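J.: Whatever this is, show me its structure:
(2 chains)
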Amino acid sequence: MTPWEIQADELVNCNCAYGCPCQFNALPTYGNCEAIAAYDIKKGHFGDVKLDGLRVVGTFWWPGPIHEGEGKAHFIIDERADEDQRAALLSILSGDHTEPGKTIWNVFAATFAEVLEPDFNAIAIDVDVEARTGKVHVDGLVEVTGEPIKNPVTGEEHRARIDLEDGFEYSVAEMGSASGKSTGPIPLEFKDSYGQFAHIHLGNNGIMG
Amino acid sequence: MAYVDWKIKGPKIGACSCDHGCPCEFNGLPSEGLCEGLEAQRIDEGWFGDVRLDGLVFAAKFRWPGPVHEGRGTVQAVIDKRATPEQIDALSKILDGEEQEPTTIFNIYGSTIETELDPVFSDIDFDCNFQTGTGGFKVEGVMELKLEPIRNPVTGAPHPAKIVLPTGFEFREADMASSSFKATGGLAFDRTRCYGMLTYAAYGPQGIIESESSPAHNPMIRAPTKTHIDDKERDDDTLGNTS
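T.: Okay, the predicted model is just below:
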């Protein structure tokens, strides 16, 4: 198993309600899961291959809850990544070189019926986890905007967090509101739905911090 | 504004008709459009002026036809039948939102209530165990709640999850659970595998008392947290009673 590690800021937008019941092992709000996930890698490596500063966006669709499988995935890899970096990132995202069930990518991989050919594009990601704001842009493919949840009565920002003791993606996630659109091979569109902001730190054995 | 000095503090458990995790905690809409459920709190330490409230338990069941913030709710309170007339009067004032800011939990929820059924005076069999993530309460012939850990749908392993609300008016941190509950009478319902939570909360005239309301200061809570409470603020005598 090649040692790898990724520290990234992420913004995830799915079709569920704020707080996403799936975080609590409940069923998705509207019966199925559709999501866009963007990772801005602050620091990372796969063996000797440095992954610092690279970005990745994934678009996902399942006909039902994720754990029932039959999903589709499409990854967009930072066009600045060289051949080794591309191979490294796709390997991690495929759940390879990972203890089973220990990273979100490994768990997801087991639920995909189809993984489409990746694209390599310029990816803009600007995420502020603590402020719960973020923007993701991939020309012609993906657009996501995240912002704080607002109180429906007072309009004030509502700060809420989910902490998972045995998570495979995050230990602490800030909850937000997000709207997103994918016009790539997995077309998706979300309006003011689940937005998740987190500093993630994953490796071969799962969450590292 | 000067209020009568009061405080109630202790473990609190609750459940509603929403999915695990309850979208309402995130200002989402309730899973099934309406909100119905129940809750109970044991007062490990409490007073209202000169009246001590230690050891008493109170509970409530409730229903709103839509999201809570749209109002038109119905509620029925249950007061520990061991309470003296002075204690009943004190608890009723607290639960009715008297002697406190408009922004307390009792006033915020109170502002959404249209119908208040006559309170019930009864024994309330209460249990809250943060270590096992289990708990429940029972008011004979009125309502019953059982809480157990959420489980992974594939592996069956417990799924320890917390919701943290840094400025929450009901809780600052709550352990998530899976609930089964039923109630009979004026407000009747029967539900399984719904939202359930266990928390530790202290309330006073200004609302939630942050330094005493986080299970983070309960040594039995293992989950990682950023809102640490200093060890010196721990009240081990009280926390030892929470199971």
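
J.: which residues touch residue B:12?
T.: Going by CB atoms under 8 Å, 6 or more residues apart in numbering or on different chains, residue B:12 touches B:39, B:40, B:41, B:42, B:128, B:171, B:198, B:199, B:200, B:201. Heads up, the C-betas are built off the backbone N, CA and C, glycines and all.

J.: Mean confidence (pLDDT) on the longest strand along chain B, please.
T.: In chain B, with assignment by DSSP state E, the single longest strand is strand B:189-204. Mean pLDDT, computed over strand B:189-204, is 97.

J.: Please work out which residues outside the lengthiest helix in chain A touch it.
T.: The helix spanning the most residues in chain A, taking DSSP state H as the definition, is helix A:83-93. Taking contacts as CB under 8 Å, 6+ apart, the residues outside helix A:83-93 that touch it are A:2, A:4, A:6, A:46-47, A:49-51, A:54, A:56, A:58, A:75, A:77, A:81, A:97-98, A:103, A:105, A:118, A:120.

J.: list the contacts for residue 82?
T.: Because you didn't say which chain, this covers chain A. With CB under 8 Å, 6+ apart, residue A:82 has no contacts at all.

J.: that answer is for a different chain, and I need it for chain B
T.: So residue B:82 contacts B:55, B:56, B:123 (CB under 8 Å, 6+ apart).

J.: Just send those back as JSON lines, with pLDDT and secondary structure too.
T.: Output for those, formatted as JSON lines (pLDDT from 0 to 100; DSSP: H, G, I helix; E, B strand; the rest coil):
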{"residue": "B:55", "pLDDT": "97", "secondary structure": "coil"}
{"residue": "B:56", "pLDDT": "98", "secondary structure": "coil"}
{"residue": "B:123", "pLDDT": "98", "secondary structure": "coil"}
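
J.: just curious, which of those is nearest to residue A:162?
T.: Nearest to residue A:162 out of these is residue B:56 (CB to CB; 32.7 Å).

J.: Pull the number of nearby residues for the residue lying closest to the closest one once chain neighbours are set aside.
T.: Spatial nearest neighbour of residue B:56, chain neighbours left out: residue B:80 (4.5 Å); criterion: CB to CB, 6 or more residues apart in numbering or on different chains. Neighbour count of residue B:80, defined by other CB atoms under 10 Å in any protein chain shown: 23.

J.: Next one: residue B:80 from residue B:177, what distance?
T.: 23 Å (CB to CB, to the nearest Å).

J.: I'd like to know which residues of chain B are adjacent to chain A.
T.: B:19-23, B:25-29, B:31, B:67, B:69, B:150-154, B:157, B:159-167, B:173, B:176, B:222-226 (CB under 8 Å from any CB of the partner chain).

J.: Can you say which of the residues you listed are buried?
T.: Among the residues of chain B next to chain A, those buried by neighbour count (16 or more other CB atoms under 10 Å in any protein chain shown) are B:19-23, B:25-29, B:31, B:67, B:69, B:150, B:159-165, B:173, B:176, B:223, B:225.

J.: which other residues reach the biggest helix by length in chain B?
T.: Counting residues, the longest helix in chain B under DSSP H turns out to be helix B:85-95. Here helix B:85-95 makes contact (CB under 8 Å, 6+ apart) with B:4, B:6, B:8, B:48-49, B:51-53, B:56, B:58, B:60, B:77, B:79, B:83, B:99-100, B:106, B:119, B:121, B:203.

J.: out of the residues you listed, which are buried?
T.: For the contacts of helix B:85-95, buried by 16+ other CB under 10 Å: B:4, B:6, B:8, B:48, B:51-53, B:56, B:58, B:60, B:77, B:79, B:83, B:99-100, B:106, B:119, B:203.

J.: is it true that residue A:53 touches residue A:41?
T.: Yes - between residue A:53 and residue A:41 a contact is recorded at 6.6 Å, counting by CB atoms under 8 Å.

J.: And the pLDDT for residue B:153?
T.: 87.

J.: and it, what does it touch?
T.: Applying CB under 8 Å, 6+ apart to residue B:153 gives the contacts A:25, A:65, A:67.

J.: Residue ranges in chain B under the pLDDT threshold?
T.: Along chain B, the model assigns pLDDT under 70 to residues B:1, B:215-243.

J.: Break down it into its strands, ranges please.
T.: With strands called from DSSP E, chain B shows them at B:6-16, B:35-42, B:45-48, B:51-52, B:57-64, B:73-80, B:113-122, B:125-129, B:134-139, B:143-148, B:161-164, B:173-183, B:189-204, B:207-208.
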